[in-house]
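> how would this look folded up:
(2 chains)
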Amino acid sequence: SQQGEEDPQALSIQEGENATMNCSYKTSINNLQWYRQNSGRGLVHLILIRSNEREKHSGRLRVTLDTSKKSSSLLITASRAADTASYFCATLYTGGFKTIFGAGTRLFVKA
Amino acid sequence: GAVVSQHPSWVICKSGTSVKIECRSLDFQATTMFWYRQFPKQSLMLMATSNEGSKATYEQGVEKDKFLINHASLTLSTLTVTSAHPEDSSFYICSATQGVEATKHFGDGTRLSIL
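Next up, the predicted model:
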């Protein structure tokens, strides 16, 4: 399968709460990226973390990477209704040139 | 930031029609462009990778004669769905990048509906 796995598949939270999404992948990677997709639209790049990095921050986003467990997490703090979207992790495998997407997490933030 | 324009955003056409989708990088030169297909509530499935001036590399299970890809310049790649049928209806998304490890920039997608 092309895809890595993400969990949860769907997540519903109240505005102001934190949202955590997890991603697992299969082989060694050069980098891992998180993207956001609003319904019926293209993907927006959120953050890239390299294989030699363990944590990265961007505004309300915090991404961690554990290469020993082949997993990553995306934390959105103080969520807003506008954060409602699908979130995908994508991996660039070592020696490869194509990016493989996880199954995605659909986040619903209730106002 | 880098902008990728995809056109058209929405197509409805009769079965048997061929449909061309364009993907342009507006403010950067894209050495590589990727074409993805996405079914409702599912992830993106890579269809093919195209490098400027060379033949596209198709993923397993993707018919190259069905989905023709041309990457004639560093700013334009096209995907032509030939003799489209209802099962080809889907959301097609392109992405462009300046390098293997660089960020991929995505178009807004094309929703294709074949009647």
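
> which stretches of chain B aren't confidently modelled?
The model of chain B has pLDDT under 70 over residues B:1, B:100-101.

> go again using 90 as the cut-off
B:1-3, B:27-32, B:40-43, B:50-55, B:71-74, B:97-105 (pLDDT under 90).

> any idea where the strands of it begin and end?
B:4-7, B:10-13, B:19-25, B:32-38, B:44-51, B:57-58, B:67-73, B:76-81, B:90-97, B:105-106, B:110-114 (DSSP state E).

> what would those strands look like in JSON lines with mean neighbour count and distance to chain A?
Glycine gets a C-beta too; all of them are placed from N, C-alpha and C. Compiled in JSON lines, those are given as follows (neighbours: other C-beta atoms under 10 Å in any protein chain shown; distance: least, C-beta to the nearest C-beta, whole Å):
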{"stretch": "strand B:4-7", "mean neighbour count": "19", "distance to chain A": "7"}
{"stretch": "strand B:10-13", "mean neighbour count": "14", "distance to chain A": "9"}
{"stretch": "strand B:19-25", "mean neighbour count": "21", "distance to chain A": "10"}
{"stretch": "strand B:32-38", "mean neighbour count": "24", "distance to chain A": "7"}
{"stretch": "strand B:44-51", "mean neighbour count": "22", "distance to chain A": "5"}
{"stretch": "strand B:57-58", "mean neighbour count": "18", "distance to chain A": "8"}
{"stretch": "strand B:67-73", "mean neighbour count": "18", "distance to chain A": "14"}
{"stretch": "strand B:76-81", "mean neighbour count": "22", "distance to chain A": "14"}
{"stretch": "strand B:90-97", "mean neighbour count": "25", "distance to chain A": "6"}
{"stretch": "strand B:105-106", "mean neighbour count": "24", "distance to chain A": "4"}
{"stretch": "strand B:110-114", "mean neighbour count": "19", "distance to chain A": "7"}
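
> now those in a markdown table, with distance to residue A:12?
Converted to a markdown table, the strands of chain B look like this (distance: least, C-beta to C-beta, whole Å):
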| stretch | distance to residue A:12 |
| --- | --- |
| strand B:4-7 | 31 |
| strand B:10-13 | 29 |
| strand B:19-25 | 34 |
| strand B:32-38 | 22 |
| strand B:44-51 | 23 |
| strand B:57-58 | 38 |
| strand B:67-73 | 36 |
| strand B:76-81 | 35 |
| strand B:90-97 | 24 |
| strand B:105-106 | 26 |
| strand B:110-114 | 26 |
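
> so which of the ones you listed is nearest residue A:83?
strand B:105-106 (18.5 Å; C-beta to C-beta).

> count the residues that sit near residue B:18.
11 (other C-beta atoms under 10 Å in any protein chain shown).

> am I right that it is in contact with residue B:79?
No. Contact criterion C-beta atoms under 8 Å: residue B:18 and residue B:79 do not qualify, at 11.0 Å.

> and residue 98, what does it touch?
The chain I'm using is chain A. A:92, B:34, B:46, B:49 (C-beta atoms under 8 Å, 6 or more residues apart in numbering or on different chains).

> chain B was what I was after
So, once contact is read as C-beta under 8 Å, 6+ apart, residue B:98 ends up touching B:28-31.
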